[in-house]
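Colleague: Pasting the sequence and the predicted coordinates here, then a few questions.
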Amino acid sequence: MKSITGIIGGAQILFDISFDIQDSFEEYLTMKHRAFLHVLRIVEEHFPAVASSYRGRGRRPHDDIAIIRAFMAKSFFQIETTTSLVDRLRGDSSLRHICGFTVVPSSSTFSRRLAVYANSHLLEQALSAMVFHYYKDSIV
């Protein structure tokens, strides 16, 4: 079965029309979702490169950026537990789309990835890059 973006993309080519699906998606978001999307756009500019650990065997791992976005959503929307985050992602299609999931990972997957990110200091690197970018000539 084709996704709606595949169908619209095919129609654009067939009828030679221009239609930006991202703009139409953002029109239907709540103000809270729009604010979160705006925060993501600012923060993601400063993310360090994430090395994927997939070696070609077994099921492909979930996208690191999508999981990091979900952790940021957990903080932004003040979701207390990882289980509540998974439930929210499964129930809120807009948030699931913003984070980049087609299939929401389990709570244990989120917990394992959080341990990996904590050991690699990934989020601290992003924060220090943001602070350096925005306050490089200031005393903080």
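Modeller: It's in.
Colleague: which intervals of the chain have sub-threshold pLDDT?
Modeller: For the chain, the stretches with pLDDT under 70 are 1-26, 48-56, 59, 130, 134, 140.
Colleague: One more pass at 90, please.
Modeller: Scanning the chain for pLDDT under 90 picks out the ranges 1-31, 34-68, 71-72, 75, 93-94, 100, 102-103, 111-140.
Colleague: residue ranges of the helices in it, please?
Modeller: Applying DSSP state H to the chain gives helices spanning 4-15, 21-27, 31-43, 64-76, 82-91, 93-99, 107-120, 122-135.
Colleague: in stretch 96-107, what's buried?
Modeller: Residues of stretch 96-107 classed as buried: 96, 98-99, 101, 104-105 (neighbour count, 16 or more other Cβ atoms under 10 Å). No exception for glycine: its C-beta is placed from N, CA and C like everyone else's.
Colleague: Can you convert the residues you listed into CSV and add a column each for distance to Val86?
Modeller: Conversion of those to CSV gives the following (distance: Cβ to Cβ, whole Å):
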residue, distance to Val86
Arg96, 11
Ile98, 15
Cys99, 11
Phe101, 10
Val104, 6
Pro105, 8
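Colleague: Thanks again, I'm all set now.
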